[in-house]
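Asks: This is the structure alone, sequence omitted:
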Ligand SMILES: [Zn+2]
C-alpha cells in the first residue's frame, strides 16, 4: 500500500509539472493528504461484530471425514469463502477444556495464563480447585451453586478484554456455552455477560454475580418460554443412517450407554430416558445441546443489539455438546457423525441470522476447538494398532510401595492429577531430602512402569528452555507456581479412561490437531498446511482490529489470513 501511494504521488508530481509548479505542488499535497487519510482508515478493520466459535473436542478430520454430508452454508461456507488452517495445533499439554478456552482467548499457554487443567491441586491452599469456580460470588438464575464462577484463576487478559479496553468499554462482549468454563474464560475479566446452562431439573441459562445481580429480562423471558422442552424428544439420525459410511457400526463395544438402554444405538428416546439420566443435563450429551446453544446465542444477538453500531462487539459461542458426545460414544461413532452434521446446520442458521442482522461481510468469524481427542483405544487394539489403558491407581500404589521401601514414608505423594505428581514439600523437608534429587529418583522409578513413555521433573522445567517436540509442549503447559513436581507422558493412545468413549489431555498429535477457520470481514480466502498454533488466534484477531494484544500473548498473528 505504501509503495502504491508513493508511486501515485510520483506520477501526480511528474504529471503535475505540465501545469505551473505551484499548482502541481498544491495538487500533489491534496492528493497526498487524501492518500494518508485513506491509509489511516485502512490500518485496522472494524467489523461490527466478531464471533468466536469453539467446538469442544473437534478434531480436524471431522471437517474432511464428514465433508460430503455438510450443506453449503455452515462449515463449507467458512472453508470456501474464508481461510482454512489445515495444520493447526495446541502447543501445550494438558489438552483439556479449561486450558483450551483460556489459550484460544489469551493468545498464550498455561505456563502464562495459569489455567493448567479443568481442576487441579492447589498446593498453597492444599485442595483441589476448579478452573472457573469462585465462591466469593453467588449464582444468578439458580438456587444451586452452579453460578458461583469467575475468571479469577486466569492470570492474563483475553482478546475480549482487549476489545473492551480498546473501545473504552463501548464494545460489548457476551459469552455463551453449556459449560460454565466455556463461557467464563472466553468472556475474559471484563465481559458484559457470560451465560451457561444449568441442567438437572432446571434447564435454565444462568450466570454469576461477577457479571450482574439479576438476569436481564430477555434471559428471564427466554428461560420462561421453556423452548428447551422442545428438545426432550427422540434423537434419530438426521439423514438415513446407512449413508453414514464415514463412521463405525452403530452397535459395537466401544460406546457408552445411557442408563435404562441396553445398546448404544439409535434412536434415543430422551423422554423415556429422562429421569434416569439427570433430566436436562441429558441434552448436553446430544446434538440438541448445540441447537439450544444456537437458540440462546441468537437471542443474545437480538436482545443485546450486538453488531448494530460501528463499535465492534464480540459474541463468544462455545459448543460444549460435541465433547460430551465424544466422551460417551467415541470419535468413530455414528453419534459423533450425526452431531457434526447437525452442528453444520446450526452454523448455517447462525450465519444466516448474522447476514440478516449484522450484514454479510460486516462480521468476522473464527472457529476452532478447545482440544481434539483419541480414537477409542479398545477399538484401535482390535485393529492391531498400538493402544492401551493405564491404571493410575495401580501406578500410585506401586510408587507408594517404592517410596516406603526406599525412604520409609508413604506421605511423600500429596496428589496425582492431570498426569502430574505433587509431592508434599513439608514431608520432603522433614525427611531432609533434596527436592530435585527426589523428583529425579521418582522419575527413574516411573520409567520402569508399563505404559510410561517419558517423565520430566519440575527441576528440569525450571532449568531448561525446551524449544521443540514433546518437552516443549509440556513446558508450555507447565506453570512454575501451579504445576506439579513430576510430569508423566504415557505411550501414544494409552489413556486412563473407561474402555468405551474417547478422551483427551495428552501432548500427542491426535489431541492437538484441531480446525482453525477464519471467515468474513478482513479475512483472505485460502488455505495452508503451514503449522499454526492455538495461541496465534488472539493476536491475529487483535492485529485485524488494530488493538493491543492480550497481556500474556506468546502467539503471533497469522499473516496468511489478514488482508
Ligand atoms: Zn472432554
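Replies: Yep, it's here. Computed from a prediction, not measured in an experiment: that's the story for all the values here. Numbers count the residues shown, from 1 in each chain.

Asks: Give me the most central residue, the protein.
Replies: A centroid search over the chain (Cα atoms, centre = their mean) returns residue 370, at 2.6 Å, as the residue closest to the centre.

Asks: For it, which non-adjacent residue is closest in space?
Replies: Counting by Cβ to Cβ, 6 or more residues apart in numbering, the nearest residue to residue 370 once its immediate chain neighbours are dropped is residue 100, at 2.8 Å. Quick note: C-beta positions are derived from backbone N, CA and C, even for glycine.

Asks: Run a quick neighbour tally on the one you found.
Replies: By the measure other Cβ atoms under 10 Å, the count of residues near residue 100 is 32.

Asks: what does residue 503 give?
Replies: By the measure other Cβ under 10 Å, the count of residues near residue 503 is 22.

Asks: Repeat that for residue 276.
Replies: The number of residues packed near residue 276 is 12, by other Cβ under 10 Å.

Asks: Can you tell me how far the residue lying closest to residue 377 once chain neighbours are set aside is from residue 451?
Replies: If you skip the residues right next to it in sequence, residue 377 has residue 387 as its closest partner in space, 3.7 Å away by Cβ to Cβ, 6+ apart. Distance, residue 387 to residue 451, by Cβ to Cβ, to the nearest Å: 11 Å.

Asks: next one: residue 71
Replies: To residue 451, residue 71 is 43 Å away according to Cβ to Cβ.

Asks: quick one: which of those two has more around it?
Replies: Under the criterion of other Cβ under 10 Å, the comparison of residue 71 against residue 451 puts residue 451 first, with 16 against 13.

Asks: which residues touch the more buried one?
Replies: 388, 390, 490, 491, 494 (Cβ atoms under 8 Å, 6 or more residues apart in numbering).

Asks: do residue 268 as well
Replies: Going by Cβ under 8 Å, 6+ apart, residue 268 touches 234, 235, 236, 258, 261, 286.

Asks: what do you get for residue 219?
Replies: Residue 219 makes contact with 141, 195, 205, 207, 299 under the criterion Cβ under 8 Å, 6+ apart.

Asks: Now for the nearest residue to the third one once chain neighbours are set aside, which secondary structure element holds it?
Replies: Read that as residue 205. In space, and not counting its chain neighbours, residue 205 is closest to residue 195: 4.8 Å by Cβ to Cβ, 6+ apart. Here residue 195 sits within strand 193-198, counting by DSSP states H and E.

Asks: which helices and strands does that strand pack with?
Replies: In terms of contacts (3 or more Cβ pairs under 8 Å, 6 or more residues apart in numbering; DSSP states H and E), strand 193-198 is packed against strand 173-177, helix 180-187, strand 204-208, helix 288-303.

Asks: and the helix or strand that comes right after the third one, what's its mean pLDDT?
Replies: Past strand 204-208, heading to the C-terminal end, the next element that is a helix or strand (DSSP H and E) is helix 217-225. Helix 217-225 shows a mean pLDDT of 98.

Asks: try stretch 159-172
Replies: So the average pLDDT for stretch 159-172 ends up being 98.

Asks: now it: how far from the chain's centre is it?
Replies: Offset of stretch 159-172 from its chain centre (Cα atoms, centre = their mean, to the nearest Å): 21 Å.

Asks: returning to what we had before: given the strand holding residue 195, what are its sheet partners and their directions?
Replies: strand 173-177 (parallel), strand 204-208 (antiparallel) (DSSP bridges).

Asks: These into JSON lines, with extra columns for distance to residue 82?
Replies: Shown next, in JSON lines, are the strands paired with strand 193-198 (distance: least, Cβ to Cβ, whole Å):
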{"stretch": "strand 173-177", "distance to residue 82": "22"}
{"stretch": "strand 204-208", "distance to residue 82": "29"}
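
Asks: Out of these, which one sits most buried?
Replies: strand 173-177 (a mean of 28; mean count of other Cβ atoms under 10 Å).

Asks: Now residue 54: which helix or strand?
Replies: Taking DSSP H and E as the criterion, the element that holds residue 54 is strand 49-55.

Asks: Sheet-wise, list the partners of that strand with their directions.
Replies: Strand 49-55 has these partner strands in its sheet, going by DSSP bridges: strand 313-319 (parallel), strand 363-369 (parallel).

Asks: after the last one comes which helix or strand?
Replies: So the one you mean is strand 363-369. Where DSSP H and E defines the elements, the next helix or strand beyond strand 363-369 is helix 377-382.

Asks: What mean pLDDT does the strand holding residue 54 get?
Replies: Model confidence over strand 49-55, given as mean pLDDT, is 98.

Asks: Now do that strand against helix 180-187, angle only.
Replies: What separates the directions of strand 49-55 and helix 180-187 is an angle of 150 degrees, with axes from the mean of the first three to the mean of the last three Cα atoms, to 10 degrees.

Asks: Work out the gap between the next helix or strand after strand 49-55 and the centre of the chain.
Replies: Beyond strand 49-55 on the C-terminal side, the first helix or strand identified by DSSP H and E is helix 61-65. On the basis of Cα atoms, centre = their mean, the separation between the geometric centre of helix 61-65 and that of its chain is 18 Å.

Asks: Report the buried residues of helix 61-65.
Replies: Buried residues in helix 61-65, counted by 16 or more other Cβ atoms under 10 Å: 62, 63, 65.
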